[in-house]
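# this is the structure alone, sequence omitted:
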């Protein structure tokens, strides 16, 4: 019985020791070698001072070294924390502080970058995974149990401080066991990893491969920067299962590189993280009738995905949304109506609430935010039964399929990332030359031309270009507004005094 996620890998290493476990660019490593390395490196981490249950960030580009780090941290009975190497110093420092990290795992290049971002007194101990050499076989015995944390993923926070979502082993196991059963994945599959490791979609890729003994191919960052090259990569690597954000499908269509014989081995295209454009799905299904397309849905707070919809027939009406489907095994979804009643009856609509084993424990070190969106099931008070309030608006159709209708707040999905517009506003207002700022999101029809904009009131001593440069020191590049309008009059407001974001959107993008 599997109780810890790294046991997936260890079991597969016994069955397929000589098989390639992970490949990235021109580099690869076998199950046996990766098992031996991670066993030994986990002891190195313990010798460096980490104790059971602590948080260990790793800071490096996606690579085999990243996977070595993840498995080693888990085997040290700790929780791993993926950190984007493009994080500005402020965000990096916030994550290090939130996790009270004693140790950060780096590679040779990322070590130099880390040291350039934080001063010596701000830095924890840096351990270079590339400098470690395995000298002997080491046996490990885990002390953690299934309710202990496996990872913490930091998402955008409305106050300008990123939120750390805490996910235990049991939540991942509940999700992965269902994925493998539902999609009938085996050791014969070849699974790609397109998502960054700090994005929860990667959980599907890593652990379905590790559970089945499949080979995992990482889409390295240089390849991901040129999306059209993915077509040849998917064919050459003989990928059978491709999990991506929907905008990737649109970009690949526009590349004009998709030919009927381009992807003979691909049997599943699974999308999540954004609204899936109906036209894009229809076009893909025209070209590749042999591929099964799945629309999955779920915030980070419920361990990747809580619902799924198998697209069995080509959509013919582009004005009709692709459903997010029904709850997966061992998860339950409700609509919270305006009267606060929970329902899963056809025709009802409201905010989506989710319960089940895979619901996260909450936000690291922030009980106020946790208590706001992780609530006790109002249907009883017999035992702890958290419901996650997603903030997403849905309706239930006549077939009991859930349809996504939009956000109840100002959170957006952009380039596969979940972003709070408030975090960008907080960062803008934190600049000394900015007096006021409102951030808006211009959503395009198919998602390919989405854009973040801002209306700002600022001093005359700074230019818009200088403002963007300063903002890039505080935020990841994908969160920096590409269109900024300087404004000296009163900002548009609604009758109740709140910012009128609809009017602001028109001002910024029609200027």
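Received it, and whenever you're ready, just let me know what you need. Worth saying up front: this structure is predicted, and the values here are computed from it rather than measured.
# for stretch 135-149, what is the distance to the chain centroid?
In terms of Cα atoms, centre = their mean, to the nearest Å, the centre of stretch 135-149 is found 26 Å from the chain centre.
# buried residues of stretch 441-456, list them for me.
Under the neighbour-count criterion of 16 or more other Cβ atoms under 10 Å, stretch 441-456 has 441, 442, 446, 447, 450, 452, 453, 454, 455, 456 buried. (Each C-beta comes from the backbone N, C-alpha and C, glycine too.)
# now, which of the residues you listed sits nearest residue 213?
When those are compared for distance to residue 213 (Cβ to Cβ), residue 447 wins out at 35.0 Å.
# farthest-separated two in the buried residues of stretch 441-456?
Applying Cβ to Cβ across the buried residues of stretch 441-456, the maximum distance is between 446 and 456, 28.8 Å.
# okay, the buried residues of stretch 441-456 in TSV with secondary structure, distance to residue 205 and pLDDT next?
Output for the buried residues of stretch 441-456, formatted as TSV (DSSP: H, G, I helix; E, B strand; the rest coil; distance: Cβ to Cβ, whole Å; pLDDT from 0 to 100):
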residue	secondary structure	distance to residue 205	pLDDT
441	strand	28	92
442	strand	31	90
446	coil	25	71
447	coil	21	72
450	coil	24	88
452	strand	27	94
453	strand	33	94
454	strand	34	94
455	strand	39	93
456	strand	39	92
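# all helices for the stretch 201-350 of the chain, in order.
Under the criterion DSSP state H, counting those that start in this stretch, the stretch 201-350 of the chain carries helices at the ranges 201-212, 221-224, 230-236, 246-254, 278-287.
# can I get those helices in CSV with distance to residue 122 and mean pLDDT?
Below are those laid out as CSV (distance: least, Cβ to Cβ, whole Å; pLDDT from 0 to 100):
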stretch, distance to residue 122, mean pLDDT
helix 201-212, 28, 98
helix 221-224, 26, 85
helix 230-236, 38, 97
helix 246-254, 36, 88
helix 278-287, 44, 94
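# which of those helices is buried the deepest?
helix 201-212 (a mean of 25; mean count of other Cβ atoms under 10 Å).
# secondary structure element for the closest residue to residue 349 other than its chain neighbours?
Spatial nearest neighbour of residue 349, excluding adjacent residues (Cβ to Cβ, 6 or more residues apart in numbering): residue 395 at 3.5 Å. In this assignment (DSSP states H and E), residue 395 forms part of strand 386-396.
# okay, the angle between the following helix or strand past that strand and strand 386-396?
Where DSSP H and E defines the elements, the next helix or strand beyond strand 386-396 is strand 402-407. Following axes from the mean of the first three to the mean of the last three Cα atoms, to 10 degrees, one obtains 100 degrees for the angle between strand 402-407 and strand 386-396.
# how distant is strand 402-407 from the center of its chain?
19 Å.
# any buried residues in it, and which?
So, applying 16+ other Cβ under 10 Å, buried residues of strand 402-407: 402, 403, 404.
# for the helix or strand just after it, name the packing helices and strands.
Following strand 402-407 in sequence order, the next helix or strand is strand 411-414 (DSSP H and E). Applying 3 or more Cβ pairs under 8 Å, 6 or more residues apart in numbering; DSSP states H and E, one finds that strand 411-414 makes contact with strand 417-420.
# after the strand it packs on comes which helix or strand?
Strand 417-420 is succeeded, C-terminally, by helix 421-429 (DSSP H and E).
# where does the protein dip in pLDDT?
Within the chain, the stretches falling below the threshold (pLDDT under 70) are 157-160, 493-498, 511.
# what helix or strand is residue 438 on?
strand 434-442.
# dump the buried residues of strand 402-407 into a markdown table; add distance to residue 428 as well.
Below are the buried residues of strand 402-407 laid out as a markdown table (distance: Cβ to Cβ, whole Å):
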| residue | distance to residue 428 |
| --- | --- |
| 402 | 35 |
| 403 | 34 |
| 404 | 29 |
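# nearest to residue 478, of the residues you listed?
residue 404 (21.6 Å).
# wait, isn't the closest one in contact with residue 309?
No. With contacts counted by Cβ atoms under 8 Å, residue 404 stays clear of residue 309, the gap being 10.4 Å.
# any residues in contact with both of these two?
Common contacts of residue 404 and residue 309 (Cβ atoms under 8 Å, 6 or more residues apart in numbering): 323, 324.
# quick one on the thing from earlier: I'd like the helices of the stretch 201-350 of the chain as JSON lines, with distance to residue 163 appended.
As requested, the helices of the stretch 201-350 of the chain are arranged in JSON lines below (distance: least, Cβ to Cβ, whole Å):
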{"stretch": "helix 201-212", "distance to residue 163": "17"}
{"stretch": "helix 221-224", "distance to residue 163": "25"}
{"stretch": "helix 230-236", "distance to residue 163": "31"}
{"stretch": "helix 246-254", "distance to residue 163": "23"}
{"stretch": "helix 278-287", "distance to residue 163": "30"}
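# so for residue 140, which of these sits nearest?
Across the helices of the stretch 201-350 of the chain (criterion: Cβ to Cβ), the nearest stretch is helix 201-212, sitting at 16.1 Å.
# redo the buried residues of stretch 441-456 as CSV? Include distance to residue 481.
Converted to CSV, the buried residues of stretch 441-456 look like this (distance: Cβ to Cβ, whole Å):
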residue, distance to residue 481
441, 9
442, 10
446, 21
447, 18
450, 12
452, 5
453, 5
454, 4
455, 10
456, 9
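# contacting residues around the residue positioned nearest the centre of the chain?
By Cα atoms, centre = their mean, the mean C-alpha position of the chain lies nearest to residue 199, the distance being 2.3 Å. By Cβ under 8 Å, 6+ apart, the contact set of residue 199 is 153, 273, 416, 417.
# and residue 453, by the same measure?
439, 440, 441, 442, 481, 482, 483, 484, 485, 505, 508, 509.
# can you select the buried ones among those residues for me in ChimeraX?
Selecting only the buried entries of these in ChimeraX, with 16+ other Cβ under 10 Å as the criterion:
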select :439,440,441,442,481,484,485,505,508
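# out of the contacts of residue 453, who's nearest residue 366?
Looking across the contacts of residue 453 and measuring by Cβ to Cβ, the closest to residue 366 is residue 439, at 21.9 Å.
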